[in-house]
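Student: here's my sequence, what's the structure:
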Amino acid sequence: MIKKHFVITIDRQYGSGGRVVGKRLAEELGIHFYDNDILKLTSERTAIGEQYFRLADEKAGNNILYKIVSHLTPDISSPKLDENIVSPENLFRFQAEVIREIAKNETCIIAGRCSNFVLSEAKMEDHVDFFVYADEETRIKRAMDYNKIEREEAIKRIKRINNERKKYHKYYTGQDWMNPESYDLMINASRISYDEMEVLMKDYIRMKGFID
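Tutor: Numbers count the residues shown, from 1 in each chain. This next block holds a predicted model:
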């Protein structure tokens, strides 16, 4: 089914179903789906406790300089091995390094963590970047169903997590999280099922010549 090496990145509003569908697509294609396990891989590679990466996961850093100078974004090249080794910015560099290595070595799907930006900055050509969003009611219902939580808790989580992801993306890329220019395809998941979303993604990557 897979014709040549490529990588799919999926950024997603919490509750949109992007993660669920990404995982299902990976299973159908027989490739790895990377999400939280990137934290474990980065921890193992760096010998830095996984808890540090989890605390910083998809959250903006706290360097006041980047907040004051809006066009300035953290350097995502090689990690620094100095006294700031566990700063949020340096943890992001370690994570970006792992994302680049994974993308170089295997066809896979990577969820979030500015992976579309990381791969673009690395001049990797063969990656397809999706953004999945949905209206509030759809996100509430899907969050309730997936996490088995009450409506009020779903609303709180949606507001908090999407706000964190928005700030995180802006902090490390300097770009707006939902800017369509940053993605190959923006998918409105409000009026389509998980099955239909998976078909849409698969048809797109087939159109791009990556699968039969």
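Student: my guess is Phe6 contacts Phe210. True?
Tutor: Yes. Using CB atoms under 8 Å, Phe6 makes contact with Phe210 at a distance of 4.5 Å. (C-beta placed from N, C-alpha, C; glycine too.)
Student: anything in contact with each of the two?
Tutor: Common contacts of Phe6 and Phe210, defined by CB atoms under 8 Å, 6 or more residues apart in numbering, comprise 126, 128.
Student: for the helix or strand in which Glu153 is found, packing partners?
Tutor: Here Glu153, judged by DSSP states H and E, is contained in helix 151-173. Judged by 3 or more CB pairs under 8 Å, 6 or more residues apart in numbering; DSSP states H and E, helix 151-173 is in contact with helix 115-121, helix 136-147.
Student: for those, give me CSV that also has mean pLDDT.
Tutor: Below are the helices and strands packed on helix 151-173 laid out as CSV (pLDDT from 0 to 100):
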stretch, mean pLDDT
helix 115-121, 95
helix 136-147, 96
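Student: show the residue spans covered by the strands in this structure.
Tutor: Listed in chain order, the strands found in the chain under DSSP state E are 7-12, 32-34, 108-111, 127-133, 185-188.
Student: okay, those strands, which one's buried deepest?
Tutor: Across the strands of the chain, averaging neighbours per residue (mean count of other CB atoms under 10 Å) puts strand 7-12 on top, at a mean of 26.
Student: quick revisit: I'd like the strands of the chain as CSV, with mean pLDDT appended.
Tutor: CSV is the format used below for those (pLDDT from 0 to 100):
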stretch, mean pLDDT
strand 7-12, 98
strand 32-34, 97
strand 108-111, 97
strand 127-133, 98
strand 185-188, 98
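Student: can you add distance to Met1 and give those strands back as JSON lines?
Tutor: Formatted as JSON lines, the strands of the chain follow (distance: least, CB to CB, whole Å):
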{"stretch": "strand 7-12", "distance to Met1": "14"}
{"stretch": "strand 32-34", "distance to Met1": "15"}
{"stretch": "strand 108-111", "distance to Met1": "14"}
{"stretch": "strand 127-133", "distance to Met1": "15"}
{"stretch": "strand 185-188", "distance to Met1": "20"}
